[in-house]
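Visitor: just a sequence and a predicted model for now, questions to come.
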Amino acid sequence: MENSNPPLMSTYKKLLSSPPAPCNVDSGKEYCELPVIDLGLLNTDRSEVCKRDIAAASSDWGFFQVVNHGIPSDLLDRIQLEQVNLFHQPFDKKVLDFSANSYRWGSPAATSVHQLSWSEAYHIPLSQSHETFKHNSTRETIEELAALLLKLASLLAGILAERLGCNAEYLKEKCNSETCYMRLNHYPECPNIPSGLFGLIPHTDSDFLTILLQDQVGGLELMKLGKWIPVKPNPAALVVNIGDLFQAWSNGVYKSVEHRVVSSPHHERYSVAFFLCPSYDTIIQSQEQSSIYRRFSFKEYRQQVQEDVKLIGYKVGLSRFLA
Ligand SMILES: O=C(O)CCC(=O)C(=O)O
Ligand SMILES: [Fe+2]
């Protein structure tokens with residue numbers, strides 16, 4: 001049988017056999033009770049409570065889970081099947097079929113084992129899903145899911161904007177099916193090295209907000225009060241997290257929190273992430289008099305992130321944009 005996983009082991013052999021690094025992955029031990037928000041309440045007389053809880057979780061945690069989110073469970077099952085089929089194609093086919101910008105694996109800039117992401121992904125600009133996926137059923141499932149996730153993300157972003165006293169329509173105009181992204185992530189089983197390995201290195205997301213569908217394997221961890229906390233998979237819930245753009249736009253009220261994925265030597269893992277991004281010309285600026293961050297465009301932000309990753313090996317993020 002042809003090999004479907006990317007050649008992570010042979011490519012990163014040298015990094016993996018270097019002497020044990022001083023900082024272990026040191027996975028969080030206690031699962032957290034990430035707030036669970038019932039979106040069904042939005043259609044009842046308790047909708048204001050629900051909106052308040054969404055805003056509170058975005059400030060306190062930068063992360064929350066949503067149930068009764070309206071995405072049909074059979075669609076979620078279908079995307080997981082499509083994802084398994086996509087990633088189980090022979091590696092050579094994955095590389096050939098997808099443009100350099102769409103299929104990714106490993107960490108080309110890694111110089112130490114802690115900068116290495118033991119994963120592969122399809123990064124899909126929604127505007128290009130028809131070009132990216134030639135197989136009809138895959139494309140249809142991805143487009144159906146993307147449309148519903150865009151609706152859900154816009155709803156949540158609108159609520160968060162409204163709680164800040166801002167125009168909820170602004171984000172809906174700026175973030176649409178031409179500007180958002182979806183990423184299909186696959187974390188193959190990793191070698192069992194003493195310091196552990198990341199599936200995805202610690203990072204914040206460069207968007208307004210992200211909606212994540214994860215399988216039941218676990219491995220996602222978030223930073224809270226200086227500790228890494230694992231998020232226990234909940235089959236009924238989607239995970240939502242605030243990205244850098246919302247932190248800047250809200251003048252630090254909503255938090256873009258660092259998160260990572262810890263790999264397992266025993267189980268592979270799959271997830272789908274939807275990124276609510278605006279058009280490149282969108283200006284990110286808080287309405288407050290004394291703003292923490294200077295005014296910047298999304299294009300400027302993306303370029304700075306890409307430049308930092310290329311030149312220094314990691315994303316610096318919002319601290320580059322302080323006022
Ligand atoms: O797979 C996960 O749980 C997290 C994915 C993630 O953080 C991302 O794609 O930015
Ligand atoms: Fe992320």
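Guide: Perfect, thanks for sending it. Ligands and ions are numbered 1, 2, ... in the order given.
Visitor: which parts of the protein sit against ligand 1?
Guide: Proximity of the chain to ligand 1 is assessed by CB under 6 Å from any ligand atom, with R183, N185, L200, D205, L212, Q214, L220, H259, V261, S271, A273 identified as the residues in range. Placement of C-beta: from N, CA and C, glycine included.
Visitor: change it to 5 Å
Guide: Taking CB under 5 Å from any ligand atom as the criterion, the chain approaches ligand 1 at residues R183, N185, Q214, L220, V261, S271, A273.
Visitor: now the last one, which residues is it bridged with?
Guide: Partner residues in beta bridges with A273: R183, L212, with DSSP bridges as the criterion.
Visitor: list the contacts for it?
Guide: Residues in contact with A273 (CB atoms under 8 Å, 6 or more residues apart in numbering) are M182, R183, N185, T210, I211, L212, L213.
Visitor: show me where the chain has its strands.
Guide: If DSSP state E is used as the criterion, the strands of the chain fall at 36-38, 63-67, 103-105, 120-125, 181-187, 198-203, 209-214, 220-224, 227-230, 238-242, 259-262, 269-276, 283-284, 296-297.
Visitor: dump these to CSV, plus mean pLDDT.
Guide: Rendered in CSV, the data for the strands of the chain read as follows (pLDDT from 0 to 100):
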stretch, mean pLDDT
strand 36-38, 98
strand 63-67, 98
strand 103-105, 87
strand 120-125, 92
strand 181-187, 96
strand 198-203, 93
strand 209-214, 97
strand 220-224, 94
strand 227-230, 91
strand 238-242, 98
strand 259-262, 96
strand 269-276, 98
strand 283-284, 96
strand 296-297, 97
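Visitor: which one of the ones you listed lies nearest to V253?
Guide: Evaluated with CB to CB, these place strand 238-242 nearest to V253, the distance being 9.7 Å.
Visitor: ok, and what's touching that closest one?
Guide: By CB under 8 Å, 6+ apart, strand 238-242 touches 34, 58, 62-66, 69, 71, 152, 156, 205, 208-214, 220, 222, 231, 254-257, 259.
Visitor: related to what we said a few turns ago, switch the strands of the chain over to TSV; also include distance to S4.
Guide: TSV is the format used below for those (distance: least, CB to CB, whole Å):
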stretch	distance to S4
strand 36-38	35
strand 63-67	31
strand 103-105	11
strand 120-125	9
strand 181-187	9
strand 198-203	17
strand 209-214	21
strand 220-224	23
strand 227-230	27
strand 238-242	26
strand 259-262	19
strand 269-276	13
strand 283-284	39
strand 296-297	39
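Visitor: which residues does the closest residue to ligand 1 within the stretch 1-150 of the chain bridge with?
Guide: The minimum distance from the stretch 1-150 of the chain to ligand 1, using CB to the nearest ligand atom, falls at A121 (7.2 Å). Taking DSSP bridges, one finds R104, N185 as the beta-bridge partners of A121.
Visitor: burial count for it?
Guide: Here the count is done by other CB atoms under 10 Å, and A121 has 19 residues near it.
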